[in-house]
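**Q** sharing a model that was predicted from the sequence below.
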Amino acid sequence: TDVKASITTKAYDPMDGDSNIGMGNFLTIEDKVAYANLFPGRNYKLVAELHDAKTGDLLSEDVMEHTFTAQEPSGFEVVSINVPETYQHAGETITVYEKLYDEGGSLIAKHTDKDDVNQQVTVIAPEIGTTAVDGADGDKLVSTDDAATVVDTVHYKNLIPGRSYALVGALLVKKTAEDGEVTGEPLMVDGAPVVSYTTFTPETADGDVDVTFTFDATDIPDGTDLVAFESIERSGVEIASHADINDESQTVTVHKSDIGTTASDGLDGDKKVIADAETTITDSIAYNNVLSDTGYTMAGILMDKETGLPILTGDDSNQFTQNDVKSFMDKLSDITGVNSKERTPVDLDTLRTFLKDNADLVSHLVFQCAEFTPDNASGTVSMDFDFDSNAVIDRLNGETKDVVVFEVLFKGSLDDETTEAPVVVATEQDLDNKDQTVTLIPSTIGTTATDASDGDHELMAGKDAVITDTVSYEGLIPGKEYTLKATLYDKATGEP
């Protein structure tokens, strides 16, 4: 009885042995063909074809031929099938047909069942998802900065290990119309869209890769939502994308750096500051949306609420007119960029020259600077303004004065020339802000003179007469030593 030759097959991905292959080009499918009832020593040829598992249609005119010499009646051969590309077959199943020919060219066996799962491999489409965060501290809030960064971590699945891919990313501004429609527009900085291009070679089919966007965020309005769109390419062909304008994972929000201040009496923490040769005003400044682990400088100055100009202290301060002081402050603001709408780096050489040229006036100002490096995006810094306030108000006539602390936050140092030039990132300069304001008040006394013998206001003439004067005082500094000096005057003449 003649026994016919037979074959069975098992198709698989040679990279990991499963029945899934990636989406790409220059791929390989291997088909393990088990044969039976062949003649040892004779030559045979296996011909492999790729068919659509759903329709049975031939996918490519290219076929793979594999010749071999049978060593035993039964055995197996592995046929490697080159696949030019699978971009058009994402999610589809491919069936490998095998035909066996003898050395005379006659077809002696075949395995061409389009529904046989052992003959099938499935093209798995890549997938990506993304998580965008602030590059400075990993949260969802991006501080305005001339070199802001957004890091978008792309989570990928079903890539082909060892193959090169490109991630193409763009930042979009999320906009919501009055009717509730949400759209995205490319984020434009200096007339160009903010994009990123990253190439990588995955070691495994699933994994993560970071895409970094670096851009100038100083002109982006506070509260702007930015959404990272990503696509992945292989040989210039897009094979997956993630572009959902409503995806919170892809979204970060821009917040401008800001500061708020609370000024108080350095002695007891209230809003009334006793005029004294050793006056201290403490200003506690709360900052928000700054970059952690980045150097900043807080600069403050004491202002007269009535004039809107700095307070001057010390001897000879009255040599400077209000016009002198105003002109100085206007020029200082121009050099530092405090009142500019654009964030321009401070020219430290120009600043130092200006301050040196006006050293006399500067010596009468009450100002303070503090350099610090925040650990977090929000925090506080405190500064003490120590000065002689005796000449700031007319104490003997009961004058009071509202003093306002103006503060400016610089990114960078005003002293260190080796670092990047400082730039203004936030200000608090509101003359009407009560939190920034304290009131200078004079010390006052009142007296009640009486006859020491009977406590009335009639004094008997005599060489042993004694007047007792009870002095009540307000606005003195606890713990500080004072001297009361008393002199008797003739009411009629006004003379001692």
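**A** Here it is on my side, so go on. Numbering: from 1, shown residues only.
**Q** low pLDDT regions in the stretch 251-400 of the chain?
**A** Counting by pLDDT under 70, the stretch 251-400 of the chain shows low-confidence ranges at 395-396.
**Q** tell me where it has strands.
**A** Using DSSP state E, counting those that start in this stretch, the strands of the stretch 251-400 of the chain run over 251-255, 258-265, 272-274, 279-288, 296-304, 309-310, 367-372, 379-387.
**Q** now do Gly129 against Asp210, distance only.
**A** Going from Gly129 to Asp210 by CB to CB, to the nearest Å gives 14 Å. Any C-beta I mention is one placed from the backbone N, CA and C, and that applies to glycine too.
**Q** what residues sit buried inside stretch 57-69?
**A** Buried residues in stretch 57-69, defined by neighbour count with 16 or more other CB atoms under 10 Å: Leu59, Met64, His66, Phe68.
**Q** next one: stretch 139-152
**A** Leu141, Val142, Ser143, Thr144, Asp145, Ala148, Thr149, Val150, Val151, Asp152.
**Q** isn't the third one right up against Leu291?
**A** Yes: when contacts are counted by CB atoms under 8 Å, Ser143 is listed as touching Leu291 (5.5 Å).
**Q** joint contacts of these two?
**A** Jointly contacting Ser143 and Leu291 under the rule CB atoms under 8 Å, 6 or more residues apart in numbering are Ala136, Ala377.
**Q** give me the beta-bridge partners of Ala132?
**A** For Ala132, the beta-bridge partners are Asp152 (DSSP bridges).
**Q** Asp247 is in contact with that one, correct?
**A** No: between Ala132 and Asp247 there is no contact under CB under 8 Å: 9.1 Å.
**Q** comparing the two, which residue is more hemmed in?
**A** In terms of neighbours (other CB atoms under 10 Å), Ala132 is the more surrounded of Ala132 and Asp247; the figures are 27 against 16.
**Q** before we move on, back to that, turn the strands of the stretch 251-400 of the chain into CSV, including distance to Ile21 and mean neighbour count.
**A** CSV is the format used below for those (distance: least, CB to CB, whole Å; neighbours: other CB atoms under 10 Å):
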stretch, distance to Ile21, mean neighbour count
strand 251-255, 34, 20
strand 258-265, 54, 21
strand 272-274, 78, 19
strand 279-288, 52, 20
strand 296-304, 54, 22
strand 309-310, 75, 20
strand 367-372, 57, 16
strand 379-387, 53, 16
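**Q** quick one, strands of the stretch 101-250 of the chain?
**A** With DSSP E, counting those that start in this stretch as the criterion, the stretch 101-250 of the chain has strands spanning 107-111, 120-123, 127-134, 141-143, 148-157, 165-176, 182-186, 188-189, 192-193, 195-200, 207-215, 225-234, 237-242.
**Q** residues contacting the nearest residue to Thr400 once chain neighbours are set aside?
**A** Sequence neighbours aside, Ile441 is the residue nearest to Thr400 in space, at 5.1 Å (criterion: CB to CB, 6 or more residues apart in numbering). Contacts for Ile441 were tallied using CB under 8 Å, 6+ apart; they are Lys272, Val273, Ile274, Ala275, Thr400, Gly475.
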